[in-house]
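> The following comprises the amino acid sequence and a computationally predicted model.
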Amino acid sequence: MVKTLRTDRWWLYPAATFVVFSGFVVFATFRAFYATDYYSAPYLSPFFSPCLTGSCVEGSSDFGQPLGWWSLSPALVILIFPLGFRLTCYYYRKAYYRAFWLSPPACAVAEPKAKYTGETRFPLILQNIHRYFWYAAVVVGLILTYDVVLAFGPAEGEPDGIHMGLGTLLMLGNVVLIWLYTLSCHSCRHITGGRLRHFSKHPVRYRMWTFVSKLNARHAQYAWYSLFSVALVDLYIFLLAANVFDDPRFF
Ligand code: FES
């Protein structure tokens, strides 16, 4: 039993986090292993991008198939990077430590375990790898941006040229949120402005750091929004590819 003198509904936040995260994990695991219906020209699901294995469906491998020997789902090769980035994120750590381990469940609420060891030992000390995942996340962001450019291409049966459908807009919205999440990262803030003695001697980095710091104040919101948007885009493309409905085309 958790102990606290708080009388407000402090449990609401960890409970909601638990439900939403669990739902996302179930959905993402299902999609990662159910490796079909992830491409509906010109849209490629973010869970499967870049599609690098021999089993990738025609048209989905914009960077070739260098991992032709890989026989499992193509998503499993690349999901480690965005997943590792999110799992080690400072904000998500706070959220899932509270929601799943009750460590602690909320401010001024005692945790049920008697001993607290923080992140000083294995395996949690590995959370420090987050800064390296940030670099991988930037590459993922660039690839997803490229996917959005391709999403302005023709769908099946359309002539060459620039086109746009609802899927294009959803992918565009998703990549904006992914960039907001990536650039608002605490590690990004340190990369742009850390290890400096004098900001006055580094005006460009000072400007970058100021920009990132402003984004950083809303990092938690971007973490949630981008989690929803990436799942939504995947679901949308899944339903399109499964012929559940047609993509509304604007031009
Ligand atoms: Fe959240 Fe880096 S702190 S992504």
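That came through, no problem.
> And the helices in the stretch 101-250 of the chain?
130-150, 166-183, 186-193, 203-216, 219-241 (DSSP state H, counting those that start in this stretch).
> Adding distance to the ligand and mean neighbour count as columns, could you present those helices in CSV?
In this view, the C-beta of every residue, glycine as well, is placed from N, C-alpha and C. Shown next, in CSV, are the helices of the stretch 101-250 of the chain (distance: least, CB to the nearest ligand atom, whole Å; neighbours: other CB atoms under 10 Å):
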stretch, distance to the ligand, mean neighbour count
helix 130-150, 6, 17
helix 166-183, 6, 20
helix 186-193, 4, 18
helix 203-216, 8, 15
helix 219-241, 6, 19
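> want to try a markdown table for those helices, with mean pLDDT and distance to residue 11 as columns?
Listed next are those as a markdown table, based on pLDDT from 0 to 100; distance: least, CB to CB, whole Å:
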| stretch | mean pLDDT | distance to residue 11 |
| --- | --- | --- |
| helix 130-150 | 98 | 28 |
| helix 166-183 | 98 | 26 |
| helix 186-193 | 96 | 26 |
| helix 203-216 | 97 | 27 |
| helix 219-241 | 98 | 18 |
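> Looking at these, spot the one closest to residue 26.
helix 219-241 (10.8 Å; CB to CB).
> Which strands or helices does the closest one pack on?
helix 12-33, strand 39-40, strand 43-44, helix 80-87, helix 90-101, helix 166-183 (3 or more CB pairs under 8 Å, 6 or more residues apart in numbering; DSSP states H and E).
> how does it look with 7 Å?
For helix 219-241, the packing partners by 3 or more CB pairs under 7 Å, 6 or more residues apart in numbering; DSSP states H and E come out as helix 12-33, strand 39-40, helix 90-101, helix 166-183.
> Select, out of the helices of the stretch 101-250 of the chain, the one closest to residue 92.
Between the helices of the stretch 101-250 of the chain, helix 219-241 lies closest to residue 92; by CB to CB that is 6.3 Å.
> thought residue 102 was touching residue 109?
No. Contact criterion CB atoms under 7 Å: residue 102 and residue 109 do not qualify, at 8.3 Å.
> Thanks a lot, catch you later.
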